[in-house]
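Colleague: quick one, structure for this:
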Amino acid sequence: MKFNDLLSIIWRNMWKRKTRTIFTMMGVIIGCLAIFIIISITNGFERYLTYEMESLMDTSVISIYPNWKSETEDNKDSTTKTKLTDKNVEELNKLGYFSEVIPKRYAHTQIKYGKNQTYARILANDKANLISESSLLAGKVPKNRSKELLLGYDVAKELLGYSWEDKVKDDSEFQKLIGKRVKLGGEDFGSDDKGNPLKSKQITCNIVGILSSGNGQKNYEIQGSRKLVEDIIKGAPLVDEEFLKEQLTTYEGIDVRVDDKEMLESYEGTLRNMGYQTSSFKEFEKQTRSMLLGVNIILGSLAGISLLVAALGITNTMDMAIYERNREIGVIKVIGGSVRDVIKIFVGEACAISITGGFISIILGVLATLGINSVAKSITENMMGQPIEKISVPSFSLILGILVFCLVIGFIAGIFPARKAAKTDVITAIR
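Modeller: The predicted structure is shown next:
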């Protein structure tokens, strides 16, 4: 039988019973549409999270934190480091893996400009050269002078008199702060036993730069020199000597920068084997994908049930077609049609129903994606002030996967009725 004749027979037979074919196809459409939307949304969610974390985290940096494991734990095979000190910085430098080793020390302080004031965390950053000019909204990068400050976007906003939830209509307002003096510290801690007032040391500094919004946690931070942060720590009243010593000799974390991002995962593994507790963009990305894969599997399995029902529906439809077209099967065999031709007709018809359902589900899925993205954009813009452009992102591999899956379902659902049709006795069929 010629291929064109085969296609003609399949198409004609498929639409002989239009209502039955459409209802059979509906199961495929619903199942594939559900899978299309679920995977598209998880793809979009992964893309959004990745984009957001790229703005929050440096993708070439591994962050190291103090490891607070108990000394009583059985941890003989690795070196447990409970605190990070200059010895750790030296150890990391000696590895030779990293282009930069950046120890992090923080203090919390009040910052006051005119009548406006706020509280913020100040980061000791003597590696100001690592801040890109493109991340600045106004001013310049500090040149490691002890009294120069780089303000996060939200800190600067509050110094201009805005609350944290307010929007600044014109970012040129931030230019007013550049070169201005602000006062750090000066917090009132009440009084001592003798009635003497307790206040933290007040330090006057200059604002030289302001970070643009979209820098994540840095929006709420101030960056200054290591000496400035140490002066703030020392300037707190009634600080215990032992606590002060610990604050000035330990770090809250250490960032290490990797030139070759392909090696980042390997280097992070080495650091963990050395007993360090680490985090990185790669680690976050891996965890996100693992979590979303689990969501896909659970929801996809639920959607897959409808595809199983659809496959049974196709099998039932083809089985009924055998009894309705018994005479046609007999005629095909009498005029020289082979057993293989009969199998091709029935398997082809089952695959055609399934594939057509798959194509329709993809078209509906694309339309649904446009609607979901439009609604999500409107909602996120109203709630967050910043729209999420695409929360549902279908991929070519998803479309191809659905079509292949439909083809497989059609083949499996059609092969058993087709073999049954091929075994039909010719004499009985045409009687």
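Colleague: in the stretch 201-350 of the chain, where is pLDDT below threshold?
Modeller: The stretch 201-350 of the chain contains residues with pLDDT under 70 at 214-216, 238, 333, 337.
Colleague: which stretches of it form helices?
Modeller: Secondary structure of the stretch 201-350 of the chain (DSSP state H, counting those that start in this stretch): helices at 226-234, 241-249, 264-273, 281-324, 326-334, 339-384.
Colleague: as CSV, the ones you listed with distance to residue 108 and mean neighbour count would be great.
Modeller: Placement of C-beta: from N, CA and C, glycine included. CSV is the format used below for the helices of the stretch 201-350 of the chain (distance: least, CB to CB, whole Å; neighbours: other CB atoms under 10 Å):
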stretch, distance to residue 108, mean neighbour count
helix 226-234, 8, 19
helix 241-249, 12, 12
helix 264-273, 28, 16
helix 281-324, 26, 16
helix 326-334, 84, 17
helix 339-384, 27, 18
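Colleague: between these, which one is closest to residue 162.
Modeller: helix 339-384 (17.1 Å; CB to CB).
Colleague: report the distance from that closest one to the chain centre.
Modeller: 25 Å (CA atoms, centre = their mean, to the nearest Å).
Colleague: and what about residue 122, helix, strand or coil?
Modeller: strand (DSSP: H, G, I helix; E, B strand; the rest coil).
Colleague: right, and residue 365 touches residue 38 too?
Modeller: No: the criterion here is CB atoms under 8 Å, and residue 365 misses it with residue 38 at 10.1 Å.
Colleague: picking up where we left off before, now the helices of the stretch 201-350 of the chain in TSV, with distance to residue 10?
Modeller: Putting the helices of the stretch 201-350 of the chain into TSV (distance: least, CB to CB, whole Å) gives the following:
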stretch	distance to residue 10
helix 226-234	76
helix 241-249	79
helix 264-273	51
helix 281-324	11
helix 326-334	13
helix 339-384	4
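Colleague: nearest to residue 6, out of those?
Modeller: Closest among the helices of the stretch 201-350 of the chain, once you apply CB to CB, is helix 339-384, at 5.9 Å.
Colleague: next, the angle helix 281-324 makes with that closest one.
Modeller: Helix 339-384 runs at 140 degrees relative to helix 281-324, counting by axes from the mean of the first three to the mean of the last three CA atoms, to 10 degrees.
Colleague: break the chain into its domains for me.
Modeller: 3-55+287-430, 62-279 (automatic domain parsing).
Colleague: quick one: terminal-to-terminal distance for the last one?
Modeller: Start and end residues of domain 62-279 are separated by 6 Å (CA to CA, to the nearest Å).
Colleague: please report phi then psi for residue 141.
Modeller: phi -80, psi 130 (degrees, to the nearest 10).
Colleague: measure it to residue 159 for me?
Modeller: Separation of residue 141 from residue 159 (CB to CB, to the nearest Å): 19 Å.
Colleague: hmm, back to that, residue 414 is nearest to which of the helices of the stretch 201-350 of the chain?
Modeller: Of all those, helix 339-384 comes closest under CB to CB, at 2.6 Å.
Colleague: what is the orientation angle of the closest one with helix 326-334?
Modeller: 120 degrees.
Colleague: next SSE downstream of helix 339-384?
Modeller: helix 396-422 (DSSP states H and E).
Colleague: what helices or strands is that next one leaning on?
Modeller: Helix 396-422 is packed against helix 18-56, helix 281-324, helix 339-384, with contacts defined by 3 or more CB pairs under 8 Å, 6 or more residues apart in numbering; DSSP states H and E.
Colleague: what's the shortest one packed up against?
Modeller: Using 3+ CB pairs under 8 Å, 6+ apart as the contact test, the elements touching helix 18-56 are helix 281-324, helix 339-384, helix 396-422.
Colleague: what's the first helix or strand after that helix?
Modeller: Counting by DSSP H and E, what follows helix 18-56 is strand 61-65.
Colleague: strands paired with that next one, and their directions?
Modeller: Counting by DSSP bridges, the strands paired with strand 61-65 are strand 253-257 (antiparallel), strand 277-280 (antiparallel).
Colleague: tell me the angle it makes with helix 264-273.
Modeller: Going by the same axes, to 10 degrees, strand 61-65 makes 10 degrees with helix 264-273.
Colleague: helix or strand right after strand 61-65?
Modeller: That would be, after strand 61-65 and using DSSP H and E, helix 86-95.
Colleague: who touches that next one?
Modeller: 64, 81, 98, 101, 103, 249, 251, 254, 256, 270 (CB atoms under 8 Å, 6 or more residues apart in numbering).
Colleague: what do you get if the cut-off is 10 Å, keeping everything else the same?
Modeller: 62, 64, 66, 79, 81, 84-85, 98, 100-103, 249-251, 254, 256, 267, 270-271, 274, 276 (CB atoms under 10 Å, 6 or more residues apart in numbering).
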